[in-house]
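Q: Sharing a sequence plus its predicted fold:
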Amino acid sequence: MKKVVSWLQENYKLIIPISLLVVIFISFLVYYKIMISNNYHVDKDVSVYQYFNNQKYNYVAVVSKNKKDVVIDFKPKDVEVNIDSTPVYYHKENVVLFPKDMSVVMPTLSCSEYLSSGYSYITYNKGMYYLTTNKYYGKLNHYFLYDGKDLYFFIEPVTLVVNKEKIQLSSYSYLTMEYQGKVSYYDKKSDNYKTIDINDTDVYIENDYYKVYVDRDVIDYQGTNVILTSKLEELNTIDKKG
């Protein structure tokens, strides 16, 4: 032991730079591995569709994913598409992708809202819906998505009430409040898109878990009106959900 201590004392000037070089080398390897992991992606041509102004557009998009199956880029191929919060539906898979930031609204959790970043997507597997974002993968319960403006996406079946008429919407359906007193909705099951003139005062969505006045962006929570967030950038990301 004394010989080791003596050797260290005699060679400390040599040991220090060598130790620093080892630390620098290890740090470089860690940094390089992280860079390789972050830059890694697989591009895949996917057949998708969207609805714009009552018109269905079918096209192929290049979807890029990293090693964690997170979508990091989405580009329409050989066609120009105005990318907004309109959901993108996969033709051959039960997948819906959201090109822009969305709020995940949780009526059963005191109407909590969390940010789901752009390029998030929802999948369906064995009776459950799952959300994948850049930092989160988890089940979606009785929630819905909202773009902070006019678009609502419903994970489970709901009833749209407009002009006192009840319209059943299936899972993966959405609606948009239009200008000049109109509401448009897309029903996934029937693949039907329709625009309706609003003649009554209230337009709302309901099921066994929530009631949302979509014309006012308000949730009826146990008799209290809760206003939905329009500034999505102020929300905590969904990975912060407890």
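A: Perfect, thanks for sending it. Numbering: from 1, shown residues only.

Q: The residue most central in space within the chain and M128: what is the separation?
A: Closest to where the C-alpha atoms of the chain average out (C-alpha atoms, centre = their mean) is S120, at 3.3 Å. According to C-beta to C-beta, to the nearest Å, S120 and M128 sit 16 Å apart. Using the backbone N, CA and C atoms, a C-beta is placed for each residue, glycine as well.

Q: same question, V214
A: 25 Å.

Q: hmm, back to that, might you report the residue contacts of the residue nearest to the centre of the chain?
A: By C-beta atoms under 8 Å, 6 or more residues apart in numbering, the contact list for S120 reads 71, 97-98, 102, 131-134.

Q: can you count the residues close to Y209?
A: 14 (other C-beta atoms under 10 Å).

Q: ditto for K100
A: K100: 18 surrounding residues under other C-beta under 10 Å.

Q: Kindly report the same for T108.
A: 12.

Q: can you give me the helices for the protein?
A: Counting by DSSP state H, the chain has helices at residues 2-10, 12-39.

Q: which residues of the protein score low on pLDDT?
A: The chain contains residues with pLDDT under 70 at 1-39, 242.

Q: Any idea what the residue nearest to T229 when sequence neighbours are not counted is bridged to?
A: The shortest distance from T229 to any non-neighbouring residue, by C-beta to C-beta, 6 or more residues apart in numbering, is to E113 (5.3 Å). With DSSP bridges as the criterion, E113 is bridged to V105.

Q: from memory E113 sits against L235, does it?
A: Yes. Under the contact definition of C-beta atoms under 8 Å, E113 touches L235, with a separation of 5.5 Å.

Q: Spit out the residues that contact the two alike.
A: Shared contacts of E113 and L235, defined by C-beta under 8 Å, 6+ apart, comprise 103, 229.

Q: neighbour count winner among the two?
A: Set E113 next to L235 and count neighbours by other C-beta under 10 Å: E113 wins out with 22 against 19.

Q: Identify the residues contacting that one.
A: 103-106, 146, 228-229, 235.

Q: could you list every residue that touches the closest residue to K44 other than its chain neighbours?
A: Nearest residue to K44, sequence neighbours excluded (C-beta to C-beta, 6+ apart): V63, at 5.4 Å. V63 sits next to 43-46, 71, 73-74, 97 when contact means C-beta under 8 Å, 6+ apart.
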